[in-house]
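[1] got a structure for you, letters missing:
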């Protein structure tokens, strides 16, 4: 059986395990919607300026696009890194490594499943935004850019998720370390709070260095149909490739001692 078919079978097995834990699955899907409701309720009555443009959009629509980006980050970075670390410490990865299943097929299956969960989250956020806030849904060329941005973002953050497991010492520390590595960047990268036309210099520097703002701005531009910069995807892809290289070198299949 080819590696591709084995990877697809692993997607099916991972999906079964995912839905057999309804509490965790439900929280995964509720998290972005919860933030969408909170921010649109508190801050969604006015208009906000799209970064890098003079265009104004309703803040409720802005948050639909932002929570779509947050959905991908949650599924493909946070959840993937934490779940892989838990499986490593439970000895599951070690046992899988001792089977005929190729390592690449297993990890590819996990990444594909995380991407599918992220896509489903984005669809739910977009549908909720359309019904509740009359947010526009991408079509035509805008939809194509949105799909490409989503897939590049999913792959990039999945690569970073596998890389960060190398510095997580054990499963107990995984939620703290993984969330600490991403949560500050979410606040500094136009995800939760629009930073305005002239953010502080250090905030702007952090946003340009790390991939979260590049992904968020690209998702917002693709979703809202505002000026789109392919350079944001180049930066995101570079971070993802770096994450994969680090994971290839330092990823551990056995529990840390």
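    Cool, got the structure. Model, not experiment: these values are computed from the prediction.

[2] The residue lying closest to residue 103 once chain neighbours are set aside: what's it in contact with?
    Excluding its sequence neighbours, the residue lying closest to residue 103 (C-beta to C-beta, 6 or more residues apart in numbering) is residue 97, at 6.5 Å. In this view, the C-beta of every residue, glycine as well, is placed from N, C-alpha and C. By C-beta atoms under 8 Å, 6 or more residues apart in numbering, the contact set of residue 97 is 103, 253, 254.

[3] Can you show me the strands along the stretch 1-150 of the chain?
    47-49, 56-58 (DSSP state E, counting those that start in this stretch).

[4] Touching, residue 179 and residue 81? I think so.
    No. Using C-beta atoms under 8 Å, residue 179 is not in contact with residue 81, being 9.7 Å away.

[5] Who has more neighbours out of the two?
    Set residue 179 next to residue 81 and count neighbours by other C-beta atoms under 10 Å: residue 81 wins out with 27 against 14.

[6] So what touches stretch 181-198?
    By C-beta under 8 Å, 6+ apart, stretch 181-198 touches 35, 39, 43, 48-49, 51, 59, 62, 66, 69-70, 73, 77-78, 164, 203, 206-207, 210, 212-213, 216-217, 220.

[7] in that stretch, what's buried?
    By 16 or more other C-beta atoms under 10 Å, the buried positions in stretch 181-198 come out as 181, 182, 185, 186, 188, 189, 190, 191, 192, 194, 195.

[8] What separation do you get for the third one and residue 214?
    This points to residue 185. Distance of residue 185 to residue 214, given as C-beta to C-beta, to the nearest Å: 11 Å.

[9] anything in contact with each of those two?
    Common neighbours of residue 185 and residue 214 (C-beta under 8 Å, 6+ apart) do not exist.

[10] Quick check: neighbours of the one helix or strand in the chain whose mean pLDDT sits lowest in the sheet, parallel or antiparallel?
    Sorted by mean pLDDT, DSSP states H and E, the helices and strands of the chain end with strand 47-49, the least confident at a mean of 72. Here strand 47-49 has these sheet partners by DSSP bridges: strand 56-58 (antiparallel).

[11] tell me the mean pLDDT over the partner strand?
    For strand 56-58, the mean per-residue pLDDT is 76.

[12] hang on, the earlier thing: tell me which entries of the buried residues of stretch 181-198 lie within helices.
    181, 182, 185, 186 (DSSP state H).
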